[in-house]
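In: When you get a sec, could you give me coordinates for this:
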Amino acid sequence: MPVRVSEFTWQQTPAEVFLSLPLRGVCVRDADVFCGESYLKVNFPPFLFEVFLYAPIDDGSSRAKIGNDMILFTLCKKEPVMWETLSMPSGTGESKRGHRSKICCQAGGSEIRTRCDDEGRNWENIFSEKVKEDGIPAPRSAGSIHISFTPRAFPTALRESQLAEEEEWLHKQAEARRAMSTDLPEFCDLKEEEKNPDWLKEKGNKLFATGNYLAAVDAYNLAIRLNRKIPLLYLNRAACHLKLRNLHKAIEDSSKALELLTPPVSDNASARMKAHVRRGTAFCQLELYVEGLQDYEAALKINPANAFVQKDAEKIRTIIQGTALKSHD
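Out: Residues are numbered from 1 along each chain as shown. Below is the predicted model of the structure:
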């Protein structure tokens, strides 16, 4: 049930009527105004103002301005006479409803939604336009937006990055690339991915699997010159040297791998065991069985359940015992 507004002020001249209606703090966008020749209605929920005018007005020439929490109507009279009151004499509810319906039909439903700027400072004439049916706006035209991003060497978002650490890493990588181009002129003929130590390591592994041990050594050599801190490169090259009977080089590479595999943790346990076994194998092939047994025993400390290493260690012990008995005889 709307709350009817009875607080308003009005003045008149022989030609015009001036009506001031407060909006009671309601947003001006929510005010609907309907005006006919003898009827005026302002609906701003939950409030409602309506008046059956004393005499007909020219709604085409009348004006209404809205702003500053009020509506100011300037109603042009059809006949230049002074009105006794603003509204016609009161009638029954039935007569008012019938009169209202008749006026609305004659006016063609000329209901206009008021408009005002956000701050309500600008006044606007709401009777200056004829009523238009609401229409569906045309669809927006298709288009494309081109976005460019600053290249980043790291996959993380900039807000999540550690900028100082990244800059240091990039600086080191630049130095490494400069050193590579100076020290390794043979890399000029290689593709960019072929200059990656990990790619060279995988290449060496494939060559080793096919029995091409010399080519595998070359691949590991280039990878080590690029990055001397990867223990698996030395460990794999030691396996190649064992196959090629380069026993001293195998011992050297195995020792270097063990040096890099620090601290001893569970993640590098398998690599450390392989390094001890390969160095122990090289010692034994050089008939340095005592040193070889020490490496095998070190491998068994890492993985005591390895049956192959246990069997080879037992053979080495037998050889050492047999050598000791012969020397005693």
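In: Ranking helices and strands of the chain by mean pLDDT, which lands last?
Out: Using mean pLDDT, DSSP states H and E, the weakest-scoring helix or strand in the chain turns out to be strand 111-113, at a mean of 40.
In: separation between N236 and K201?
Out: Noted for N236: a distance of 7 Å to K201, by CB to CB, to the nearest Å. C-beta: built from backbone N, CA, C; applies to glycine.
In: cool, and C284?
Out: From C284 to K201 the distance is 27 Å (CB to CB).
In: do E79 as well
Out: When E79 is compared with K201 (using CB to CB), they lie 104 Å apart.
In: Those two: who's more crowded?
Out: Set side by side, E79 and K201 show more neighbours around K201, with 21 against 9, by other CB atoms under 10 Å.
In: Can you classify the more buried one by secondary structure?
Out: helix (DSSP: H, G, I helix; E, B strand; the rest coil).
In: ok but A216 is inside a helix, no?
Out: Yes - under three-state DSSP, A216 falls within a helix.
In: so it makes contact with L207?
Out: Yes - proximity of A216 to L207 meets the contact threshold set by CB atoms under 8 Å, at 3.9 Å.
In: between those two, who's got more neighbours?
Out: Taking neighbours as other CB under 10 Å, A216 and L207 compare with A216 leading, 24 against 19.
In: which element is Y220 on?
Out: Using DSSP states H and E, Y220 sits in helix 213-226.
In: who touches that helix?
Out: 176, 180, 183-184, 187, 195-198, 200-201, 203-205, 207-208, 230, 233-234, 236-237, 240-241, 243-244 (CB atoms under 8 Å, 6 or more residues apart in numbering).
In: Please repeat the previous calculation with a cut-off of 6 Å.
Out: When contacts are taken as CB atoms under 6 Å, 6 or more residues apart in numbering, the neighbours of helix 213-226 outside the stretch itself are 197, 200-201, 203-204, 207-208, 233, 236-237, 240, 243-244.
In: Now flag whichever of those is closest to V42.
Out: The closest of these to V42 turns out to be P197 (CB to CB; 81.5 Å).
In: For the closest one, what are phi and psi?
Out: Summarising the backbone geometry of P197 under the convention degrees, to the nearest 10, its torsions are phi -60, psi -40.
In: cool, and T9?
Out: For T9, the backbone dihedrals are phi -130, psi 150 (criterion: degrees, to the nearest 10).
In: Please identify the helix or strand for the nearest residue to it once chain neighbours are set aside.
Out: For T9, the nearest residue in space outside its immediate sequence neighbours is S20; the separation is 4.8 Å by CB to CB, 6 or more residues apart in numbering. When secondary structure is defined by DSSP H and E, S20 falls within strand 16-22.
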